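Undergrad: the following block contains a protein sequence and its predicted model.
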Amino acid sequence: MVAPGYGTTCEPVRVCPQITERGVVQRLREPTLLSMTALPTPRPSPERIDPERTDPELIDAVLEEQDGVIARRRVIEAGFSAPYIRRKVRRREWAAVSAGIYVNHTGPLTASERAWVAVLDAYPAALSHRSAIAVGDAIGTEPIHIVVDRKRRVRRRPGVVVHYGTRLDERVAWHLRPPRVRLEEAVLDVAADASSTTSLIACLADVVSARRTTADRLLGALQRRPRMPSREYVVGVLCDVRDGTCSVLEHGYLTKIERAHGLPAPVRQAPTAVGRKGFRDVEYEDFGLVVELDGRLGHDGPQARDRDLERDLDAAVDADQKTVRLGWGQVYDRPCATAAKIARALGKAGWPGTLTRCPDCPEAPYPGVDM
């Protein structure tokens, strides 16, 4: 039987009996030897890697440079594919710690690894604020601070604080690993966000006393900054730090005790002339009086305390100097009373001056002190 409009007598057509009632005719060709022997062309396995187009050494170099953290895009750039990444994760050689970010172990992340993850997850981004100031694992368990261009919007991630800024090409050292805001800029960022004058002074003084930068460099960075809260106050603090106040307590002694009450100007950070090597916080050379301020960086722990006491003993025995030690209470809680006592000690040593009354001084005079 030949269906109308289909084929010719040279091309036999077989009609499927199940569908003839619907008027549909199915043409069935006889099988040929070619159709019986031909096999489908095999597709390349997705797991197969072309060694000529991949660079395993690049992967190793990136992992070493980035403390064991790598982004998916870097893996692809090295010629590897997504299945390669999945195989690494399946074999527990890598672990996914964020979308498209992997670390080459399955344990908890170190502080430096957390910093890399935060930067790569929002790249282009850089460490900022305290995270940029910290060195290595000194970040600890604190949140990681990063900065991105203000025109972008980055998704929030637990343990990461995102800041939006401008002039990143000028402010960021992109060549550092991981990239971070330049030290002076990061210090000023933290100072701008300080919740108290004490924390502001500590931020500025600590990096200078640690010899990581100088007050002049911070002043230069401040001058280039278009906006800065309490700019005049910050300039004043930096000038005091440049003149030798290397801690919050030293700055408090300078402003609340010495200047406010008209005490003579001492020598600051003078090297000890006898005994063990060190520096005196405040030294009144002409009157044989040394003032040490316990509370700054480097006065922590029993060993540091022992060194301080040893210097006091050397000064008393060999240099004929008297040493007094002041803490937070004497400087910030009772500055007027402390000034009166220092003035009395200086007066006994021959200081001819008189104590100046500040607005906070009580009406009643201090015993043994001329005002």
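TA: Cool, the structure landed.
Undergrad: how near is residue 128 to residue 93?
TA: Distance of residue 128 to residue 93, computed by Cβ to Cβ, to the nearest Å: 32 Å. Placement of C-beta: from N, CA and C, glycine included.
Undergrad: these two: which is more packed in?
TA: residue 128 (26 against 12; other Cβ atoms under 10 Å).
Undergrad: ranges for the strands of this structure?
TA: Using DSSP state E, the strands of the chain run over 69-71, 95-98, 101-103, 126-127, 144-149, 160-165, 172-173, 180-181, 267-271, 279-284, 289-293, 322-326.
Undergrad: hey, least reliable of the ones you listed by pLDDT?
TA: For the strands of the chain, mean pLDDT drops lowest on strand 267-271, to a mean of 82.
Undergrad: can you check what angle separates it from strand 279-284?
TA: Per axes from the mean of the first three to the mean of the last three Cα atoms, to 10 degrees, the angle that strand 267-271 makes with strand 279-284 is 140 degrees.
Undergrad: distance from the chain centre to strand 267-271, please.
TA: Put simply, strand 267-271 sits 32 Å off its chain's centre (Cα atoms, centre = their mean, to the nearest Å).
Undergrad: tell me where the model's unsure across the stretch 1-150 of the chain.
TA: When residues are selected by pLDDT under 70, those of the stretch 1-150 of the chain lie in 1-53, 136-137.
Undergrad: try 50 this time
TA: 1-11, 13, 15, 19-28, 31, 33-52 (pLDDT under 50).
Undergrad: would you map the helices across it?
TA: 33-37, 56-65, 72-77, 82-90, 111-121, 129-133 (DSSP state H, counting those that start in this stretch).
Undergrad: please convert those helices to a markdown table, extending it with distance to residue 173 and mean neighbour count.
TA: Converted to a markdown table, the helices of the stretch 1-150 of the chain look like this (distance: least, Cβ to Cβ, whole Å; neighbours: other Cβ atoms under 10 Å):
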| stretch | distance to residue 173 | mean neighbour count |
| --- | --- | --- |
| helix 33-37 | 67 | 7 |
| helix 56-65 | 15 | 14 |
| helix 72-77 | 20 | 16 |
| helix 82-90 | 30 | 15 |
| helix 111-121 | 13 | 23 |
| helix 129-133 | 9 | 24 |
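Undergrad: any chance of those helices in JSON lines with distance to residue 329 as columns?
TA: Output for these, formatted as JSON lines (distance: least, Cβ to Cβ, whole Å):
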{"stretch": "helix 33-37", "distance to residue 329": "98"}
{"stretch": "helix 56-65", "distance to residue 329": "49"}
{"stretch": "helix 72-77", "distance to residue 329": "55"}
{"stretch": "helix 82-90", "distance to residue 329": "57"}
{"stretch": "helix 111-121", "distance to residue 329": "34"}
{"stretch": "helix 129-133", "distance to residue 329": "28"}
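Undergrad: among these, which is nearest residue 197?
TA: The closest of the helices of the stretch 1-150 of the chain to residue 197 is helix 129-133. By Cβ to Cβ, the value is 18.1 Å.
Undergrad: so what touches the closest one?
TA: The contact list for helix 129-133 (Cβ atoms under 8 Å, 6 or more residues apart in numbering) reads 115, 126, 139, 142, 144-147, 161, 163, 180-183, 186-187, 189-190, 193, 207.
Undergrad: quick one: distance of that helix to the chain centre.
TA: 3 Å.
Undergrad: next one: stretch 186-200
TA: On Cα atoms, centre = their mean, the centre of stretch 186-200 falls 14 Å from the chain's centre.
Undergrad: which outside residues touch it?
TA: By Cβ under 8 Å, 6+ apart, stretch 186-200 touches 128-130, 132-133, 163, 180-181, 203-204, 207, 213, 218, 221-222, 225, 228-230, 233-234, 237, 248, 332.
Undergrad: quick one: contacts for residue 142?
TA: Contacts of residue 142 (Cβ under 8 Å, 6+ apart): 130, 131.
Undergrad: can you give me the end-to-end span of stretch 140-158?
TA: Distance between the two ends of stretch 140-158: 15 Å, counting by Cα to Cα, to the nearest Å.
Undergrad: do you know how far residue 363 is from residue 336?
TA: 12 Å.
Undergrad: which residue is the nearest non-sequential neighbour of the residue nearest the centre of the chain?
TA: Central residue of the chain (Cα atoms, centre = their mean): residue 131, 1.0 Å from the mean position. Residue nearest to residue 131 in three dimensions, not counting chain neighbours: residue 145, with 4.3 Å by Cβ to Cβ, 6 or more residues apart in numbering.
Undergrad: contacting residues for the one you found?
TA: Contacts for residue 145 (Cβ under 8 Å, 6+ apart) come out as 127, 128, 129, 130, 131, 132, 160, 161, 163.
Undergrad: recalculate using a threshold of 7 Å.
TA: 127, 128, 129, 130, 131, 161, 163 (Cβ atoms under 7 Å, 6 or more residues apart in numbering).
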